[in-house]
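Engineer: quick one, fold the following:
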Amino acid sequence: MNRFFKLKENGTTVRTEIMAGITTFMAMAYILSVNPGTLTAFGRIDMGWYSVFLATALAAGIFTIAMGLFINFPVALAPGMGLNAYFASVVLASQTTEHEFTWQMGLTAVFISGLIFILLTVTRVRQILLTAIPDSLKHAITVGIGMFITIIGLKNSGLMTIGVEAGSDIPANKFTDVLSFETVIHMGSLENTSVQLVIIGLLLIAILMVLQVRGAILFGILGTTLVAILMGAVDFSSLSSPQTPWIPDFTQLNFMEFDWDGIMHTGIVSAIATFTFVELFDTFGTLVGTAERAGIMKNKEEGKRRVGNAMFVDAIAVTGGAMLGTSTTTAYVESAAGVAEGGRTGLTAVTTGVCFLLALFLAPVVALIPGSATAAALIVVGVLMAQSIREIDFQDMVYAIPAFLTFAIMPFTYNIANGISFGIVTYVILACVANIAGKKKYDIHWMMWVLAVLIIARYVFFGSAG
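Structural biologist: Model (predicted):
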């Protein structure tokens, strides 16, 4: 084991690596309950809670172990936050339209985006795209996804309600001006048990994070579940239900549930582009950031090579996760928790992956967790992602305006693609104007021009993303 993972060479031990792996698992185990709730939209999408749970645990286990064994990298993978919320929102939004975007189409879009990633990684085009996008937009995308996730949590818990006040003449499902005394967003009733629980969950997680407790989100979810049990708000039927067996039932897995007939649906084209674009920056930031903290980037050439190899495993994971029946599987920033505990090699990742596979036997317990507890986790994850806002230069309007539009338009139009699109096009226009005016020289990579043209063409020919 020492020779295989090069433990001595990296200044670590088996015990340190295993403890680091368990720490990483504790930091990201919340995805086991959050992802099934998010992808099924708390029962409004018929993917099946247990089916998504299986896919989540398997994808996280298999591809995290692969990252450890083949790349010797202390990074864990699992279905990513943000893209799972986008997946669910697109499916839900289309249910009242003429062209329904089914969850099978969603999995197809994720699968294709994974194939695109494999191609981009092998041809090194992926590295060009990472260089082309200004850092301000990369950080704004992270902030916007955080706000998007937060709104999902607020809505699912009932802490935020969306509708019109009694007596208002604002028609439903219509675009219209809202007068100063009208609003379509309200705070939920504090008499609602779900609202009470999400507030308790937020406070628990926040307190644990302030106290710097490892796995604060997971423990906050469990604590909220305990409170919900005491309040009589938990259904114990999952403990004896055949729908959530103690022994994994892989026949319930949504394996290869793709919809190739809907491949030319305009919605699926947009979804593929969004899954690909967002995952591109999310993975890069996580892998490089974790590599820096683990000391892997001390030798820059070796570090770049290993990050490149890790990107390939990540690309395989996107495709493999879709085959198992879950949204985009990606590198997790929570891996930094294990690195902070001393994890330096792939043994950390292997340990985390094994923990996820063992979790397959805990489905009935995980199913007890109320939606409000996972909603609180979503809101807090939004807080963590919003920290990237400090990296944006708000003194320079060429960077500030596109960045602001990126993270503002995402949640308020309820679409990640819209925010990214506005950010890219606005940056190209403003940077070009500034360059012509001679105010300051801004770099506009040729790939940014290509992206801007494609985005404009997409909106002109296919209309709004909704």
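Engineer: which residues touch the residue lying closest to Leu357 once chain neighbours are set aside?
Structural biologist: In this structure, Leu357 finds its nearest non-sequential neighbour in Gly61, 3.8 Å apart by CB to CB, 6 or more residues apart in numbering. C-beta coordinates here come from the backbone N, C-alpha and C atoms, glycine included. Shown in contact with Gly61 (CB atoms under 8 Å, 6 or more residues apart in numbering): 353-357, 359-360.
Engineer: if we go to 7 Å?
Structural biologist: By CB atoms under 7 Å, 6 or more residues apart in numbering, Gly61 lies in contact with 353, 356-357.
Engineer: same question for Met28.
Structural biologist: Residues in contact with Met28 (CB under 7 Å, 6+ apart) are 76, 78, 332, 334.
Engineer: can you do 6 Å?
Structural biologist: By CB atoms under 6 Å, 6 or more residues apart in numbering, the contact list for Met28 reads 332, 334.
Engineer: how near is it to Ser335?
Structural biologist: Counting by CB to CB, to the nearest Å, the gap from Met28 to Ser335 is 8 Å.
Engineer: for Lys304, same thing?
Structural biologist: As judged by CB to CB, Lys304 and Ser335 stand 18 Å apart.
Engineer: so between these two, which is more surrounded?
Structural biologist: Counted by other CB atoms under 10 Å, Lys304 and Ser335 do not tie: Ser335 has more neighbours, with 32 against 15.
Engineer: I'd say that one and Leu77 touch.
Structural biologist: No. Counting by CB atoms under 6 Å, Ser335 stays clear of Leu77, with 8.7 Å between them.
Engineer: how deep is Pro242 tucked in, by neighbour count?
Structural biologist: By other CB under 10 Å, 8 other residues sit near Pro242.
Engineer: which SS state does it fall under?
Structural biologist: coil (DSSP: H, G, I helix; E, B strand; the rest coil).
Engineer: who's in contact with it?
Structural biologist: For Pro242, the contact set (CB under 6 Å, 6+ apart) is empty.
Engineer: for it, grab phi and psi.
Structural biologist: Note on Pro242: its backbone torsions stand at phi -70, psi -10 [degrees, to the nearest 10].
Engineer: and it, how far from Gly382?
Structural biologist: In this view, Pro242 and Gly382 are 35 Å apart by CB to CB.
Engineer: same check, this time on Tyr332
Structural biologist: Plainly put, Tyr332 is 16 Å away from Gly382 if you go by CB to CB.
Engineer: what's the answer for Gly43, then?
Structural biologist: 22 Å.
Engineer: between these two, who's got more neighbours?
Structural biologist: Set side by side, Gly43 and Gly382 show more neighbours around Gly382, with 24 against 9, by other CB under 10 Å.
Engineer: neighbouring contacts of stretch 150-165?
Structural biologist: For stretch 150-165, contacts defined as CB under 6 Å, 6+ apart pick out 42, 85, 170, 184-186, 188, 192, 194-195, 198, 371-372, 375, 378-379, 382, 411.
Engineer: for ChimeraX, write the select line for the buried members of those.
Structural biologist: One line in ChimeraX is enough to select the buried ones among the contacts of stretch 150-165; burial here means 16 or more other CB atoms under 10 Å:
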select :42,85,188,194,195,198,371,372,375,378,379,382,411
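Engineer: mind listing which of the contacts of stretch 150-165 are in strands?
Structural biologist: Using DSSP state E, 185-186 are the members of the contacts of stretch 150-165 that sit in strands.
Engineer: Leu190: what secondary structure?
Structural biologist: coil.
Engineer: hang on, the earlier thing: give me phi/psi at the residue nearest to Leu357?
Structural biologist: Dihedral pair for Gly61: phi -70, psi -50, per degrees, to the nearest 10.
Engineer: having no further points to raise, I will conclude here.
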